[in-house]
Every structure is written in structure tokens, then in C-alpha cells.
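Colleague: Got a predicted structure here, sequence first:
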Amino acid sequence: MMFPVERALLIINLTAGTGEGDAIADKLTLLFKQGLEELSKVQVELVSNHAAARACTAAFMAESEVPVLIVAGGGGGTLRSVIEGICDSRASAELPGPQRVRVGALRMGSGNVLAKQFGVPRDPMAGLDSLLLNLKAGRTAPCCVMRCETWTRSGSEIHHAVTLGGLGQFGRIPSDLARWHTRFPFFHKTAARSIGVERLTNLEYALTLFIRSLSCLVSDCAETVEIEFQDQTQRLRLLSGIVMNFPVPALPFRPGASVKDEAFLVYLIPLRGRCSPLQQLVAPQKLISHARCIRIEKAQHLEIRFLDQDTVELFLDEDPVTTYRRLRLEVAGSIAFVPGQ
């Protein structure tokens, strides 16, 4: 059987999830190399952060123009780093097609939303086995890639994401969690091993949003923003915002887009009164009914300007990001993923 790729790279983030990637790294390496022994090059990289995952992806892509497979062994942040590395390797803004690169994702981190969406089993060994079977069968599924332009005082930066973005109070959750994990690493690892890292992530997000909402009841935390879309502008007090590529079961939103569409949805939830932060917790549908919902398709963009804050925190696929006074969201295109079961 002819393989649709000639080279393959497996990136294992040893610090993803509970940081136990090294316990299974040897088994994954052996399965990966045995399953793809007919290829001209099969490479495995063990990394300890997202920057390293991004760099080795870009280097691997730049070595040759032949078709490649890149598998991300980590969570949502590791996968996003692989997508960023693929984009870094290209001179143009156009994303490579399935004849150039195919991407796989293993569920080895705290946020594995896209891997679950594509049917990848929870166990990394079973997940890799299913990816290799579908690779040999030539099965792929397109996944929309979001492009986010952020600003600093001196210029702008381009970021990419494939799952979820957060703004307002929701957008600050990953930064809060990163600080908590640094202060209480033992508690996080113990809880993750006890109930599972994916379930713990959902609980942590809910708890952090609860704390932030209570804080907003005491002090005014909403940002005044001006949004511009298709030559129309609107101002609102932003409580929370969510950027969604496809429906996520843990969130009370049902966007009219699937992972295969070259489109994503932006929900901007306004502050409608002093009780809005509490409604965000106990009756989110009441707030969602008043949210500004924007569907962004190819060749469209949404710009958000922050009128009363200079530096604003947000997140892309669990990774905290900051921007200076404004940001711009648009569709970058699609990348071919190898599905799981």
C-alpha cells in the first residue's frame, strides 16, 4: 500500500497534562517508527514547551517539500504550536493542502477538544494506532484555522488557532490557571491523576469563571470595546467573549459551524447590568440571547478595539495572549487532519 506521505514527525510534549509524557514516550516512539518504517524519514522529538514544538515543526517542514505527517503528542497548546510551526515555514499566508502536510493529534494534555472532535481515543497508544490506520487508508478531514492579529506598542503579531478563543473575563482564565498551577503544582498533579486531566480542566475553568464573576459583582471588570465588521461599528461593555470553530459540549453555545467549515463564530456577551456576572454562572442562556454573534468566513475579518484599556489578556487554544488596544480575527484557511476512530 502506498503511503500518502514520505516523511513523518511525532512531537511529544513531556510537560503536557500531568507531565507524564516520558512514561509512554518510548512506547509511542516504537509504534510510530514501526508503523511508518517504509517512509524515507521518521523522526520523533521530545520537547518540554510549546516554543520548542513550534520550532522543530517549522524546521522539519523546511527540510523538504515532499508530503509529510506531523503528529502532536500533547494538549491543545501543543497542537496550536504545531500549526504555528507549519505556518512559520511558509512564505505566503496560504495554508498548505493535504498533498503537502497532514496533522494528527493525541490526547496527552489538559485540553484535547479537537482530538476528541476527530474521534481520537483517550489512550495515546490507541490514538496513535488509529491515526496510522487512517493515514494508510488515505482518510483526512479539513479543519478550519483561525488567524488572530494582535498588537504591541511597536507593531503587530500573527497567531493561529484551531479550537477556541476567549475574550473578556472568560479570556483571562488560562492566565489565572497558569498562576495557580505554578503556586500549587502538587495539588494540580494529584487532582489530575485522581479524576483525569480533561475532567479537571473543565472543573478548573468553571471554578475560575465563578471566582471572576463574583469579583465582577464587587468591582466593574467589563471592558468598553468597539467592534467593526463589514463596515459597521458598534460599542458595548464586554463581559465575556468566545471564539468557536465548532460546538464544544462543555460550553452553552451551539454555533452554526462545524470543524470542516472555513468559518467560525464569535460571541460577544455584553454587561447588561450589575447582575450580569451572576447570570453568566446561573442563567447563561439569558445573556447569550443578548450576545452579538458574528459568523466570520473566508475574506472577512472582525476588528475589536479596546477603548478603556491598553494591554488586554485573551487566549487562543488555552494559550494566554496579550494585545495592545486592538485585535483582528479572520479565517486563515484549512489544514488536513488525520482523524481517529
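Modeller: Now that the structure is in, tell me what you want to look at.
Colleague: worst-scoring helix or strand of the protein, pLDDT-wise?
Modeller: Least confident element among the helices and strands of the chain, by mean pLDDT, DSSP states H and E: helix 284-288 (a mean of 81).
Colleague: by contact count, what packs against it?
Modeller: Secondary-structure packing of helix 284-288 (3 or more Cβ pairs under 8 Å, 6 or more residues apart in numbering; DSSP states H and E): strand 263-270, helix 276-282. No exception for glycine: its C-beta is placed from N, CA and C like everyone else's.
Colleague: Can you tell me which of these is nearest to Glu94?
Modeller: Evaluated with Cβ to Cβ, the helices and strands packed on helix 284-288 place strand 263-270 nearest to Glu94, the distance being 17.4 Å.
Colleague: Who does the closest one pair with, and is each partner parallel or antiparallel?
Modeller: Next to strand 263-270 in the sheet, as set by DSSP bridges, lie strand 232-244 (antiparallel), strand 292-297 (antiparallel).
Colleague: Could you export the shortest one as PDB, CA atoms only?
Modeller: The reference is to strand 292-297. The C-alpha coordinates for strand 292-297 follow below in PDB (Å, rounded to 0.1, in the frame of the first residue of the first chain):
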ATOM      1  CA  ARG A 292     -23.600  39.800  19.500                       C
ATOM      2  CA  CYS A 293     -23.000  36.700  17.300                       C
ATOM      3  CA  ILE A 294     -20.700  37.200  14.300                       C
ATOM      4  CA  ARG A 295     -20.000  34.500  11.700                       C
ATOM      5  CA  ILE A 296     -16.600  35.100  10.000                       C
ATOM      6  CA  GLU A 297     -16.000  33.400   6.700                       C
END
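Colleague: Show me what whichever helix or strand comes after it is in contact with.
Modeller: Per DSSP states H and E, the first helix or strand lying C-terminal to strand 292-297 is strand 301-306. By Cβ atoms under 8 Å, 6 or more residues apart in numbering, the surrounding residues in contact with strand 301-306 are 167, 223-229, 266, 294, 296, 312, 323, 325-330.
Colleague: about what we covered before: distance between the least confident helix or strand of the chain and the chain's centre?
Modeller: From the chain centre to the centre of helix 284-288 is a distance of 24 Å (Cα atoms, centre = their mean, to the nearest Å).
Colleague: cool, and stretch 140-152?
Modeller: Distance of stretch 140-152 from its chain centroid, counting by Cα atoms, centre = their mean, is 9 Å.
Colleague: pLDDT on that stretch, on average?
Modeller: Mean pLDDT, stretch 140-152: 96.
Colleague: Buried ones in it, by neighbour count?
Modeller: For stretch 140-152, the neighbour count (16 or more other Cβ atoms under 10 Å) marks 140-151 as buried.
Colleague: With stretch 34-44 instead?
Modeller: In stretch 34-44, counting by 16+ other Cβ under 10 Å, buried: 35-36, 39, 42-44.
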